[in-house]
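>>> Need coordinates for the below:
(chains A and B)
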Amino acid sequence: MSSDHTHDEAPPLTEEIAPGTAADPAVGGPDRATVTVDGTSVTVEPGATLLDAVEAVETDDYVPALCSYDRQEIGPRSECRTCMVETDADGIVPACSHPAEDGATVSTDAEAAAEARDVNLDLVLSNHNLRCTTCGKNGRCELQDAAIEQEVEEPRYGVLDDRDEYEPIDDTSSFIQIDRNKCILCNRCVEACNDVQVEGVLRMEGSGQDTRIGFQSDAETMEDSTCVSCGHCATVCPTGSLVENGIEDATTIPLPGFTQKNSIGKAIESSGKSKGPMTPKKRATEHESDPATNGSAPNTPTIADRASDDESNAEDATDDWAGFDGGEWP
Amino acid sequence: MTSTISAAGTTIRIADTGPTPDLLAVAGDADARVVEVGPTGVPALEPLVTVTAGGETAFHADCSTQELETIVESAADGSAVRAGDPDALADHEPERAGMPPVDLPGLDVGSRHVLRGAGWRNPTDPADHDAAGGFDMSDATAVRDTAAIITGRGWGDLCQDEPLAATWETAQDADGDPLVVVNAHGNPTDALLLATAPFEVLDGATAAARAVGADSVIVYASSADDRAAETMRAAAGNHPDTAVAVDIVTGPAAHRAGEPTMALEAIEGNHRLEARVRPPGPESVGLHGQPTLVHTARTLAQLAVALRDGDETDTRLVTVEGDVAAPATVELPESATLSSAVDAVTVDGAFKAACVGGRFGGLTANLDIGVDPSSLTAADLGTEGTVQVLAEERCVLEFVGKRTQFAADENCGRCVPCREGTTQLAGLLRDIYDGTYAPSDIEELVRVMDGSSICAFGVEAGRPARTAIAEFESELRAHADGHCPANSCPAPAEVT
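The predicted model follows:
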């Protein structure tokens, strides 16, 4: 790597990362706790939430906990509220982000909790286009699983079926396709990108119905973003909203002439001018260092590169790459 | 600026919500002390010029520069207070520290405790506040005892309708140095207090800081309330208690920015406002991870006044707005009813209903309901401290629909029951125009939003719809049958 970088001078990795999400406190109980779930006693470790206890036993009712991931440094986002349970102490609470405190008593089949889970799942579906037959995640989709398990036959608020309201599919990246019409805003991709990979590409943006996954670089498309194509976002996505290119049709039901793209009706296609796993902004950074003396692969930006990422150099560097329009690495 | 309270001779006070350079220029010629005293809470009377000499004050409502010229000339003659045909006169003790009772609409309602200095004292002059018994330095125990009685006011308060003390104990016991945030965002009364009585607010905030061992107070206001932030900044600069650092921070004007955790996000400088998940609440992990008390300006002023007076006279500040000639903020004893608040204003037309308790308050046609929180809650009304008057020609469905659409547009977008729930609720209300009135569907949705949203925004967003079904069902049903009883909704288009 470039020799003029010293790690001492680099700001903390996360300093510039702006995921658009709240600075949530750490949730989870302070101590090891014994909790009673639907009459069954279960002991959980310090830091556990009620969901940990709920998942440890056979519950009376199904608790979808749709947006929960709770692995690595992802979640709980406590966004979808399909994990509501009733507690003796606090009434109905979201299990995924409520601390498991010693002596707590949880009921999954209490009427108010069951109603909240049911209505909230239907509310999630109300903003989802539910075109499962043309979706590459058909059959391995957590929303689909939850809806089947919850025996949703006809969501009470319907589904997003107005094609005028569809957002175009972002098919500009060579590696990851985004279909925001399937996004449930669980935030896993944003956390995977920012907290696990420390890439700072994705963010939550907007408010109300305009809330969406966007890019911290203010880019409009995946192609123009600073994505390094690590794929973690697609790995954690519970629906078909973020999928790796090449398998976007992996599990669609073959109907001749009927694909995910034409079912949505609109897609933003790749410009073709940039290929490869690195996007212009990061390529600019890479260009600053000398590939000739660089032992590592040119498509592997380092921590130090990220820290020195400089917008002002981006344009020049991009120009140097302007003539490069092949599908292979130099 | 000269102290107004200890002054002998004539004092001319100019009270207004906005700046009054013309009046100040005229008054500058007077042989009297002239003080710009900030708003009174009753804009219909403003600019309000008062002339005080000895134990008598003359009130000139909506005072013009010509009128003030007459007053100034007469004062120069020595004919003093009654010159210039005043709208009202009040006798009082000579060195009164607060607005005397006076027979003027809006000022003749209730009793002014928290608002006593409003429109009377120089808001940024510590000498005035000191002379009025301010800068109370009650010890931490006394403050905590009072905090066990005072309840939090407004949706921006972490202890809404709950006594403050329990939350304070949590903050004291939590890891890290506690902080105090004064939330003056999102309610006209909180902005009014900053603009007219900032030292009362700071007294409460510094008392709270002493009680929990905090050495920093952050005052948070909307960037739309310039006057409030500027006055508070000036007052903080003049504050004699240097033991507590006071910072003033403004945040975006969006309604949601007043929610306590979104207020913290705004103060921390997040570019996107989103409610934080709880528990643990800000009292354990708040601003920059430190335990944080978040109280509205109203709560803290109430605390300060209670500490100083040593009595437990609980009053409520209520702002009446909507279909009225001019809004007004009045202070009422908790034994008063909503009708006394509405009496303080002139309703445009015939009174029909009121939306009580903020943007997402409850609807009622009955004003014979106490302004204390338990009476309001029992009537499914909000305790935010606002009464929005709806006149006869105002359509309830249209009103509720607009409030709900506002909720759908303005929520932070984080949790499903609020983000998607408000959208579906607006749709269910719109369906009424198409002949589909499904009260049980609306009630089910509102129940879930209330029970499972992350913050008060989503919890309260369904209240206008819920209370409209309870109180104005026939009016909603009439729309499903194709007509608007208030004759304000456009007739449905003929479909051929």
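>>> for residue 241, what are its contacts?
Using chain A. If a contact means Cβ atoms under 8 Å, 6 or more residues apart in numbering or on different chains, then A:S241 has A:178-184, A:189, A:213 as its contacts. C-betas here are computed from N, CA, C, even on glycine.
>>> you looked at the wrong chain, it should be chain B
Applying Cβ under 8 Å, 6+ apart to B:D241 gives the contacts B:135, B:206.
>>> can I assume B:E334 is in contact with B:T383?
No: taking Cβ atoms under 8 Å as the definition, B:E334 is not a contact partner of B:T383, at 11.1 Å.
>>> Take the contacts of A:S241 and keep only those in strands.
Filtering those for membership in strands, criterion DSSP state E, returns A:178, A:213.
>>> Export the contacts of A:S241 as CSV, with columns for distance to chain B.
Conversion of the contacts of A:S241 to CSV gives the following (distance: Cβ to the nearest Cβ, whole Å):
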residue, distance to chain B
A:I178, 18
A:D179, 18
A:R180, 13
A:N181, 14
A:K182, 15
A:C183, 12
A:I184, 8
A:C189, 16
A:I213, 11
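>>> Show me which of the contacts of A:S241 is closest to B:A468.
Top of the list for closeness to B:A468, among the contacts of A:S241 and by Cβ to Cβ, is A:I184 at 30.6 Å.
>>> Mean pLDDT per helix and strand in chain B: which one sits at the bottom?
Taking mean pLDDT, DSSP states H and E as the measure, chain B has helix B:65-77 as its least confident helix or strand, at a mean of 81.
>>> could you point out which element follows that one?
strand B:88-91 (DSSP states H and E).
>>> Which pair of the contacts of A:S241 spans the longest distance?
Considering Cβ to Cβ, no two members of those lie farther apart than A:N181 and A:C189, which are separated by 15.2 Å.
>>> which of these two has more neighbours?
For A:N181 versus A:C189, neighbours defined as other Cβ atoms under 10 Å in any protein chain shown are more numerous around A:C189 (26 against 23).
>>> Look at B:E334 and B:T383 and report which has more neighbours.
For B:E334 and B:T383, the more surrounded residue by other Cβ under 10 Å is B:T383, and the numbers stand at 24 against 14.
>>> What segments of the stretch 101-250 of chain A are strands?
For the stretch 101-250 of chain A, the strands defined by DSSP state E, counting those that start in this stretch occupy A:105-107, A:169-171, A:176-178, A:202-205, A:212-215, A:242-244.
>>> Relative to B:L293, which of those strands is closest?
Judging the strands of the stretch 101-250 of chain A by Cβ to Cβ, what sits closest to B:L293 is strand A:202-205, at 28.1 Å.
>>> returning to that earlier point: kindly reformat the strands of the stretch 101-250 of chain A as TSV containing mean pLDDT, mean neighbour count and distance to B:D103.
As requested, those are exported to TSV (pLDDT from 0 to 100; neighbours: other Cβ atoms under 10 Å in any protein chain shown; distance: least, Cβ to Cβ, whole Å):
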stretch	mean pLDDT	mean neighbour count	distance to B:D103
strand A:105-107	97	21	60
strand A:169-171	93	22	68
strand A:176-178	94	26	67
strand A:202-205	96	24	55
strand A:212-215	96	20	57
strand A:242-244	94	23	69
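>>> Among those strands, which comes closest to A:V35?
Closest of the strands of the stretch 101-250 of chain A to A:V35 is strand A:105-107, at 6.2 Å (criterion: Cβ to Cβ).
>>> And the helices in the stretch 51-200 of chain A?
Using DSSP state H, counting those that start in this stretch, the helices of the stretch 51-200 of chain A run over A:111-126, A:142-149, A:188-191.
>>> which of those helices sits most buried?
When neighbours are counted by mean count of other Cβ atoms under 10 Å in any protein chain shown, the highest per-stretch mean among the helices of the stretch 51-200 of chain A falls to helix A:188-191, a mean of 26.
>>> Relative to the whole chain's centre, how far out is it?
In terms of Cα atoms, centre = their mean, to the nearest Å, the centre of helix A:188-191 is set 4 Å apart from its chain centre.
>>> Please enumerate residues in contact with that helix?
Contact with helix A:188-191 is made by A:19-21, A:67, A:69, A:73-75, A:77, A:202-204, A:213, A:232-234, A:236-238, A:241-242, as judged by Cβ under 8 Å, 6+ apart.
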